[in-house]
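J.: Provided below for reference: sequence and predicted model.
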Amino acid sequence: MPSNPDPYHTPAAKLQADLTDNTPMKHLPQISVWYVFALNILTLGLYYPYWLYTRSNIINQLVENKIPLNLMSTVLGLFLINLVFSFMSGTQPDNLDYQAASSLSTIIYSISTLFWAFAMRNRLHQLSQASKQSGFWISAILTILFQMLYLQYKINQYIDTHPSDTSLAT
């Protein structure tokens, strides 16, 4: 029996997930690494900044030491600059200035995404309470080499090995 008999009463529904529980890793999406890889290929690299941004927003809701918004904005801006210079370099291949600008923006963007990936790595360690002895420790070298693919793999690994953490109470 509803508490309010008024049929025109607005339903009271929670539209946002409760992030105050003690199992924060369950809030990160579990997606196949192959699917993430395929999306990155199919979108010509556009999925990578999207993946970083969406996962960072979830992580920032779960930790006190947030990934800086300045870092995320800067990397996304560098991505757009790199996209423009790469496009210009492709449309005018004889223009060495565009090629140099494209190369420089690619290097700067790549380095800045590493900073972002390591910021995510550190926050994932906080969320999972990982130590070097635990099976969930995220390797720095593999983070450098595979970035989002490796981080998604480790998120999936944690969710798979902690099924009680991921059961949603209804």
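T.: Received, thanks.

J.: which intervals of this structure have sub-threshold pLDDT?
T.: 1-4, 13-23, 164-170 (pLDDT under 70).

J.: go with 90
T.: In the predicted model of the chain, residues 1-26, 129-136, 159-170 satisfy pLDDT under 90.

J.: need the longest helix for it.
T.: Scanning the chain for the longest helix, with DSSP state H as the assignment, gives helix 96-128.

J.: Does anything pack onto that helix? Which helices or strands?
T.: Here helix 96-128 is seen to pack against helix 47-62, helix 69-91, helix 140-161 when contacts are counted using 3 or more CB pairs under 8 Å, 6 or more residues apart in numbering; DSSP states H and E. C-beta coordinates here come from the backbone N, C-alpha and C atoms, glycine included.

J.: could the ones you listed go into JSON lines alongside mean neighbour count and distance to residue 119?
T.: Shown next, in JSON lines, are the helices and strands packed on helix 96-128 (neighbours: other CB atoms under 10 Å; distance: least, CB to CB, whole Å):
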{"stretch": "helix 47-62", "mean neighbour count": "18", "distance to residue 119": "8"}
{"stretch": "helix 69-91", "mean neighbour count": "15", "distance to residue 119": "6"}
{"stretch": "helix 140-161", "mean neighbour count": "17", "distance to residue 119": "11"}
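
J.: Could I get these in TSV, plus columns for distance to residue 110?
T.: Putting those into TSV (distance: least, CB to CB, whole Å) gives the following:
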stretch	distance to residue 110
helix 47-62	11
helix 69-91	9
helix 140-161	10
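
J.: Show me the one of the ones you listed that comes nearest residue 37.
T.: In terms of CB to CB, the element of these nearest to residue 37 is helix 140-161, at 6.0 Å.

J.: Give me the neighbour count for residue 6.
T.: Residue 6 has 7 neighbouring residues, counting by other CB atoms under 10 Å.

J.: which ones are touching it?
T.: Shown in contact with residue 6 (CB atoms under 8 Å, 6 or more residues apart in numbering): no residues.

J.: So it versus residue 32, what's the distance?
T.: Counting by CB to CB, to the nearest Å, the separation of residue 6 from residue 32 is 46 Å.

J.: Equivalent analysis for residue 60, please.
T.: Distance, residue 60 to residue 32, by CB to CB: 24 Å.
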